[in-house]
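Colleague: Kindly return the folded structure for what I paste below:
(chains A, B, C and D)
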2 protein chains.
Amino acid sequence: MSSKNRKKAKKITIKEIAEKANVSFSTVAKALNNDPLIAKKTKERIIKIAENLNYYPNMLAASLRMKKTKSIGIILNDLTNPLYYETIKIIETNLSKRGYTIILSDSNYNLEIEKKNIITMMAKQVDGVIISPINSASENIDLILKNDLKAVFIDVIPQRKSISYVCINHNTAAIKSTNFLIDKGHKKILLLLGPVNLSSSETFLRGHLETLTLNNIKKDKSLIIYSELSINGGYEIMLKIYNNQEYKDKFSAILCISDLLAMGVYKASIELNFKIPEKFSIIGYDNIFVAPYLNPPLTTIHAQKTKVGIYSTEILLEKIEKNIKDNKKIDFEPYIIERKSVCKIKKSNKKNHYKIRKLK
Amino acid sequence: MSSKNRKKAKKITIKEIAEKANVSFSTVAKALNNDPLIAKKTKERIIKIAENLNYYPNMLAASLRMKKTKSIGIILNDLTNPLYYETIKIIETNLSKRGYTIILSDSNYNLEIEKKNIITMMAKQVDGVIISPINSASENIDLILKNDLKAVFIDVIPQRKSISYVCINHNTAAIKSTNFLIDKGHKKILLLLGPVNLSSSETFLRGHLETLTLNNIKKDKSLIIYSELSINGGYEIMLKIYNNQEYKDKFSAILCISDLLAMGVYKASIELNFKIPEKFSIIGYDNIFVAPYLNPPLTTIHAQKTKVGIYSTEILLEKIEKNIKDNKKIDFEPYIIERKSVCKIKKSNKKNHYKIRKLK
DNA sequence: TTGTAAGCGTTATCAA
DNA sequence: TTGATAACGCTTACAA
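Modeller: Below is the predicted model of the structure:
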């Protein structure tokens, strides 16, 4: 039998089963859906035939008819960021346990792509989405609301009322980390944020500045830097800054809004040959799985990634399956995990700092 | 206007547009699909109306009719493994550029779940799948073939003829890494594999054993350990072995089939207070993005993850869109990236080794 | 250039 | 207990 002769597997449908079983196709449908009205005998017969024919149902047809797809859209911003790993894993586990399937997409921190992704999800008739939106006030949020797309937002809190979200409180993160550095004697802090249009950058910045104010620390615009959220982003910033006279002695600590940025600083530290934390103390955000393995182990703000996954799917499934209308708003309080990348600043330095301030 | 009164957004279809435009719904369909037969004027009118109504097509219906879903199934084994993310990222980027959507699932190295995942993909009528199968000879492979599901296999090479795959050559990986260790003077190598039923464990083991034979090194079954493919897997193995008399002085290097396992060894090294590479040289596999940041930077075998993503989507799309039947078989030759986790073994040790052998 | 109608594979209502 | 039929929202061949 040559491979040319191999019979092309025709997709078998309930009609074919009906033919073989000598019943109508609607009987088959009922039998396969375990309808109690169908006689046990015929039911068993039909099921056996279906198995023999290697039948599996066309969910497209069923979904079209039932207006339920058992698919959930997941819209994230950079699949390469380990921040997402744990969240995706638990979402997949929980959803597939409940018979749902995941449609995954990546917006790349780009509002146009995010819009396209949302529209695709609607076109594919997902039962709901879990989305990490780029901007808390963008039109894309309204697009979701206007179309009654069931959604739970993660990571950033949209500026709308009737919305469910599960987030890490970035404000708390900023306050705790800034205070942590100040407590260690750092008054000159370089802040590395993500892209400007990213709402979490904004929120974090606000918390940071407020904390500086409360501690009577002068703000310095040049110490706030927006960057791509990646190792390379942090790395390139450091390359630019390190030998720049403008930044000489201007900061003793670097607060990074993502552990990836912190890793970029680590990378630069090797190339530029500066020591962490002796030269610069570093603090990250997210507590990605590698943080304890870095050299030195990274002090960072822990984000409850698994919890975000668990709660977001739970809330979404309630909306979908129990048609629950009221919105749940959950935010987790992140906390510092102290490791070895932040050191106490020496008194002498502090003095030095005051001197400089007085000289101004 | 109370929120109760908010008009529920009815999903609008071509029928509604047809009504508003005073044409038949098939005219609308053609207009929206840019059918050249439709008059420019009406076309523009219809498109405008569609936009105003905020119409987006129901792809379910279209897919059912056209027998094309523009969805691709991705079936992997542990979404928590960083190994996958570079691949997923590029697959997502390339596919979404071409109008495809990704349905993602995780088999957890479990053949039952893998089977379920494959069936779900078929039920959802994906146009094709990219799958990292657990076992190269499992029934699940046949399930795919029997149903003419368009597929490209990654990571493991199925033992079937008419199949397309894009893989890293695990045999080469094993040979190169084993030789690398031997060249550095290591003759007592502990091999940390993944789960037993995982084909890559098998392939790797074969290459390793052959290389030992070629180098006249005695094989020792107790030095081959199967483990869960995770940080914790490697960690727990080390905890068990380290203080076990049976293993005392039995190995000087650890060859890990995954960088995650290597990280587990690193974790254990801190807890048990042994030095890498002084006490044990470590070599990993995959070259995940963190490898250079570990302490010490991990010497590992580089796997071309991005290339796997690029080629697998390319091949799959050719099958789907150009209906190309012949199978492409690509395997990449992995190569060692030397960093700091392997050291040369001291002469004295070598002598010691011979002594022990003679004593046997 | 536009409209009619059949069909994709299901589910679900009603009739037999 | 089973069967006929309409419907889900779209594409497409054919008729007008």
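
Colleague: got the contact list for residue A:16?
Modeller: By CB atoms under 8 Å, 6 or more residues apart in numbering or on different chains, the contact list for residue A:16 reads A:53, A:55. All C-beta atoms are positioned from the backbone trio N, CA, C, and that covers glycine.

Colleague: Please read the previous query as pertaining to residue A:68.
Modeller: residue A:127.

Colleague: if I look at it, how far off is chain B?
Modeller: Distance of residue A:68 to chain B, given as CB to the nearest CB, to the nearest Å: 10 Å.

Colleague: show me what contacts the residue in the stretch 151-300 of chain A that DNA strand D sits nearest to?
Modeller: Relative to DNA strand D, the nearest point of the stretch 151-300 of chain A is residue A:151 (20.4 Å; CB to the nearest atom of the strand). When the contact criterion is CB under 8 Å, 6+ apart, the partners of residue A:151 are A:128-131, A:144, A:163-164, A:316.

Colleague: Only the buried subset of those, as a PyMOL command please.
Modeller: Applied in PyMOL, the following selects the buried portion of the contacts of residue A:151 according to 16 or more other CB atoms under 10 Å in any protein chain shown:
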select buried, chain A and resi 128+129+130+131+144+163+164+316
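
Colleague: Just give me the closest of the contacts of residue A:151 to chain B.
Modeller: residue A:144 (10.9 Å; CB to the nearest CB).

Colleague: Backbone dihedrals for the closest residue to that closest one other than its chain neighbours, both of them.
Modeller: Excluding the flanking residues, the one nearest residue A:144 by CB to CB, 6 or more residues apart in numbering or on different chains is residue A:151, at 5.1 Å. The phi and psi torsions at residue A:151 (degrees, to the nearest 10) take the values phi -150, psi 150.

Colleague: Check residue A:89 too.
Modeller: According to degrees, to the nearest 10, residue A:89 has phi -60, psi -50.

Colleague: Can you get me a residue count around it?
Modeller: Using other CB atoms under 10 Å in any protein chain shown, residue A:89 has 19 other residues around it.

Colleague: Next: residue A:234.
Modeller: 30.

Colleague: Now do it against DNA strand C, distance only.
Modeller: 51 Å (CB to the nearest atom of the strand, to the nearest Å).

Colleague: Sticking with that residue, tell me its helix or strand.
Modeller: helix A:231-242 (DSSP states H and E).

Colleague: Show me what counts as buried in stretch A:228-241.
Modeller: A:228-231, A:233-238, A:241.

Colleague: ok, now stretch A:179-196?
Modeller: Buried residues in stretch A:179-196 (16+ other CB under 10 Å): A:180-182, A:184-195.

Colleague: can you check stretch A:169-182 too?
Modeller: A:169-178, A:180-182.

Colleague: Check stretch A:47-61 too.
Modeller: A:47, A:49-50, A:55, A:57-61.

Colleague: Make a markdown table out of the buried residues of stretch A:228-241 and add pLDDT and distance to residue B:114.
Modeller: Below are these laid out as a markdown table (pLDDT from 0 to 100; distance: CB to CB, whole Å):
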| residue | pLDDT | distance to residue B:114 |
| --- | --- | --- |
| A:228 | 96 | 36 |
| A:229 | 97 | 33 |
| A:230 | 97 | 32 |
| A:231 | 98 | 33 |
| A:233 | 98 | 37 |
| A:234 | 98 | 38 |
| A:235 | 98 | 39 |
| A:236 | 98 | 41 |
| A:237 | 97 | 43 |
| A:238 | 97 | 44 |
| A:241 | 96 | 49 |
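
Colleague: Kindly provide the distance from whichever residue of the stretch 101-250 of chain A sits closest to DNA strand C to chain B.
Modeller: Nearest residue of the stretch 101-250 of chain A to DNA strand C, counting by CB to the nearest atom of the strand: residue A:125, 12.6 Å away. Residue A:125 sits 5 Å away from chain B, taking CB to the nearest CB as the criterion.

Colleague: didn't that residue look like it was pressed against residue B:60?
Modeller: Yes: in this structure residue A:125 lies within contact range of residue B:60 using CB atoms under 8 Å: 5.1 Å.

Colleague: packing partners for the helix or strand hosting residue A:206?
Modeller: Residue A:206 is part of helix A:199-214, with elements assigned from DSSP H and E. Judged by 3 or more CB pairs under 8 Å, 6 or more residues apart in numbering or on different chains; DSSP states H and E, helix A:199-214 is in contact with helix A:170-183, strand A:189-193.

Colleague: which residues sit against the longest one?
Modeller: Think helix A:170-183. Counting by CB under 8 Å, 6+ apart, A:156, A:189, A:200, A:203-208, A:210-212, A:215, A:217, A:253, A:255, A:281, A:283, A:285, A:299, A:301, A:303, A:333-336, A:338, A:342 sit against helix A:170-183.

Colleague: quick one: the helices in the stretch 51-200 of chain A?
Modeller: A:59-66, A:83-97, A:111-123, A:139-146, A:170-183, A:199-214 (DSSP state H, counting those that start in this stretch).

Colleague: Quick one: distance of the fifth one to the chain centre.
Modeller: On the basis of CA atoms, centre = their mean, to the nearest Å, helix A:170-183 is displaced by 22 Å from the centre of the chain it belongs to.

Colleague: interface residues of the stretch 251-360 of chain A facing chain B?
Modeller: A:263, A:266-267, A:289-290, A:292-295 (CB under 8 Å from any CB of the partner chain).

Colleague: redo that, cut-off 10 Å
Modeller: A:260, A:263, A:266-267, A:270, A:288-298, A:325 (CB under 10 Å from any CB of the partner chain).

Colleague: Of those residues, which count as buried by neighbour count?
Modeller: Among those, the ones that count as buried by 16+ other CB under 10 Å are A:260, A:263, A:266-267, A:288-298.

Colleague: Residue in the stretch 251-360 of chain A with the shortest distance to chain B?
Modeller: residue A:295 (3.5 Å).

Colleague: my read: that residue touches residue B:293, true?
Modeller: Yes: counting by CB atoms under 10 Å, residue B:293 is a contact partner of residue A:295 at 7.0 Å.

Colleague: Identify the contacts common to the two.
Modeller: Residues touching both residue A:295 and residue B:293 (CB atoms under 10 Å, 6 or more residues apart in numbering or on different chains) are A:266, A:270.

Colleague: rewinding a little: max pairwise distance over the buried residues of stretch A:179-196: which two?
Modeller: The largest distance within these, taken as CB to CB, falls between A:185 and A:195 and amounts to 30.9 Å.

Colleague: Residue A:79: what's it in contact with?
Modeller: By CB under 10 Å, 6+ apart, the neighbours of residue A:79 are A:85, A:88, A:104-106, A:108, B:84-93, B:102, B:104.

Colleague: swap the cut-off to 7 Å and go again
Modeller: By CB atoms under 7 Å, 6 or more residues apart in numbering or on different chains, the contact set of residue A:79 is A:106, B:85, B:88-89, B:92.

Colleague: Show me which of those residues are buried.
Modeller: For the contacts of residue A:79, buried by 16+ other CB under 10 Å: A:106, B:85, B:88-89, B:92.

Colleague: Between these, which sits nearest residue B:118?
Modeller: Distances from residue B:118 to these, taken by CB to CB, are shortest for residue B:88, at 18.3 Å.

Colleague: Okay, the closest residue to DNA strand C within the stretch 201-350 of chain A and residue A:37: tell me how far apart.
Modeller: Nearest residue of the stretch 201-350 of chain A to DNA strand C (CB to the nearest atom of the strand) works out as residue A:321 at 14.5 Å. Using CB to CB, to the nearest Å, residue A:321 is found at 25 Å from residue A:37.
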